[in-house]
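Chemist: model this:
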Amino acid sequence: MTTSEGLILASMSYDHFVTICHPLHNPICMSKMTCVKMTLGSWTLDSINSVSHTVYALHLPYCRSRAVNHIFCDVPAMVSLACVDTWVYEYMVFVRTSLFLLVPFIGITASYGQVLFAVFQMHSKDGRRKAFTTCSTHLTVVTLYYAPFV
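Modeler: Residues are numbered from 1 along each chain as shown. Down below sits the predicted model:
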């Protein structure tokens, strides 16, 4: 799980919100610059998260061999080789992961709550069907992304 995946899913839900709730404002609210800012923001947060894990793992004192019996030399494999107590790091990973899952999920839920409210106020059955068709694929991806974490 990366931070950027959750934030990009939240950005997509915002795009659906703007498309359905404010259809004539879509070119203004979701301009190319807004998309670039959202993408760069998610990549920046993901990079900071990854670098902080790596720096922490590289500064741990190791008592045993540094040979890792894994295909990838991942941070949890390195932390298990440390000769100090790593409960603070494990707690911070829990908090960080919870935040990086919860904040985008709240944004997605808020966006789709407003989308559903707008869809149920539509008088046209064809308009409702188009709105649900637009959102259904993204909601499927969001469900497949968040279901394993639940």
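
Chemist: Can you show me the strands along this structure?
Modeler: Counting by DSSP state E, no segments of the chain form strands.

Chemist: In it, where's the longest helix?
Modeler: In the chain, with assignment by DSSP state H, the single longest helix is helix 87-120.

Chemist: now that helix: mean pLDDT?
Modeler: The pLDDT scores in helix 87-120 average 84.

Chemist: ranges for the helices of the protein?
Modeler: 3-21, 26-29, 32-58, 75-79, 87-120, 125-146.

Chemist: Columns distance to N69 and mean neighbour count on top of those helices, output as JSON lines?
Modeler: Just so you know, the C-beta spots here come from the backbone N, C-alpha and C atoms, and that holds for glycine as well. Output for these, formatted as JSON lines (distance: least, C-beta to C-beta, whole Å; neighbours: other C-beta atoms under 10 Å):
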{"stretch": "helix 3-21", "distance to N69": "28", "mean neighbour count": "20"}
{"stretch": "helix 26-29", "distance to N69": "50", "mean neighbour count": "12"}
{"stretch": "helix 32-58", "distance to N69": "16", "mean neighbour count": "14"}
{"stretch": "helix 75-79", "distance to N69": "8", "mean neighbour count": "16"}
{"stretch": "helix 87-120", "distance to N69": "20", "mean neighbour count": "15"}
{"stretch": "helix 125-146", "distance to N69": "30", "mean neighbour count": "14"}
